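A.B. asks: Sequence and predicted model, in that order:
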Amino acid sequence: DAEITQSPRHKITETGRQVTLACHQTWNHNNMFWYRQDLGHGLRLIHYSYGVHDTNKGEVSDGYSVSRSNTEDLPLTLESAASSQTSVYFCASSESAGDQDEQFFGPGTRLTVL
Amino acid sequence: KQEVTQIPAALSVPEGENLVLNCSFTDSAIYNLQWFRQDPGKGLTSLLLIQSSQREQTSGRLNASLDKSSGRSTLYIAASQPGDSATYLCALPNQGGKLIFGQGTELSVKP
């Protein structure tokens, strides 16, 4: 069955370190998204991609970057981790650029920045 | 700018009760609306997707309705069970499919 996987599931890092969170989907979806979930703020969009070599900034993109070198993967990089980036991160995908498509989510990565 | 609100933030009901979760949105020019379930410490599971041209969708004991003119969607859960306990989120895509989420309703079904 097609799915979205995220790794690691849990990560503890120190302030200032570079961290990369992996997202891999086997749906062959063009659209991929990264969200973060925080108490009091709900889910907010960080970055998104509509296809290979396409990347776009979302609502809370400062301090994050993504790259899309193939259809299956959209890694999220924290260039210099900050305590404010402690959160749960979710990757999602949908089929096409159309607005009618159902979005599917991965299991999440819980990141703690000390 | 689209804003999504879910009331109540938390709901506790006895097992077997039928219940309704509410989702309201400010911009009626929507493409679709998606309901998700999230268990503690887990990811989001898609429950139902209602296209903008539809009035409702059903899956098992779940029925979601959509009224664009009033900016409202409801998720009806029939004969609730303790296994239904979770947080329920509604979300709408803006242009390009980027989801805007409500804050969620935390449901507890007591045996």
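C.D. replies: Perfect, I can see it now.
A.B. asks: Strands along the chain, start to end?
C.D. replies: In the absence of a named chain, this looks at chain A. Secondary structure of chain A by DSSP state E: the strands cover A:4-7, A:10-13, A:19-25, A:31-38, A:42-49, A:56-57, A:64-66, A:76-78, A:87-94, A:104-105, A:109-113.
A.B. asks: wait, I meant chain B there
C.D. replies: Going by DSSP E, chain B shows strands at B:4-7, B:10-14, B:19-25, B:32-38, B:44-51, B:56-59, B:62-67, B:72-77, B:86-93, B:99-101, B:105-110.
A.B. asks: Using TSV, lay out these together with mean neighbour count and mean pLDDT.
C.D. replies: Every C-beta, even on glycine, is put in place using the N, C-alpha and C of the backbone. Below are those laid out as TSV (neighbours: other Cβ atoms under 10 Å in any protein chain shown; pLDDT from 0 to 100):
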stretch	mean neighbour count	mean pLDDT
strand B:4-7	18	95
strand B:10-14	12	96
strand B:19-25	18	97
strand B:32-38	22	95
strand B:44-51	18	94
strand B:56-59	14	94
strand B:62-67	18	96
strand B:72-77	20	97
strand B:86-93	23	95
strand B:99-101	22	92
strand B:105-110	17	97
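A.B. asks: among the ones you listed, which is nearest residue A:84?
C.D. replies: Shortest distance between residue A:84 and these, using Cβ to Cβ, is found for strand B:99-101: 19.8 Å.
A.B. asks: List of residues touching that closest one?
C.D. replies: A:33, A:35, A:42-43, A:45, A:92, A:103, B:2-4, B:34, B:89-94 (Cβ atoms under 8 Å, 6 or more residues apart in numbering or on different chains).
A.B. asks: one more time with 7 Å
C.D. replies: A:42, A:43, A:103, B:2, B:4, B:89, B:91, B:92, B:93, B:94 (Cβ atoms under 7 Å, 6 or more residues apart in numbering or on different chains).
A.B. asks: of all these, which comes closest to residue A:27?
C.D. replies: Nearest to residue A:27 among the contacts of strand B:99-101, with distances taken as Cβ to Cβ, is residue A:103, at 10.6 Å.
A.B. asks: Good, we can wrap up now.
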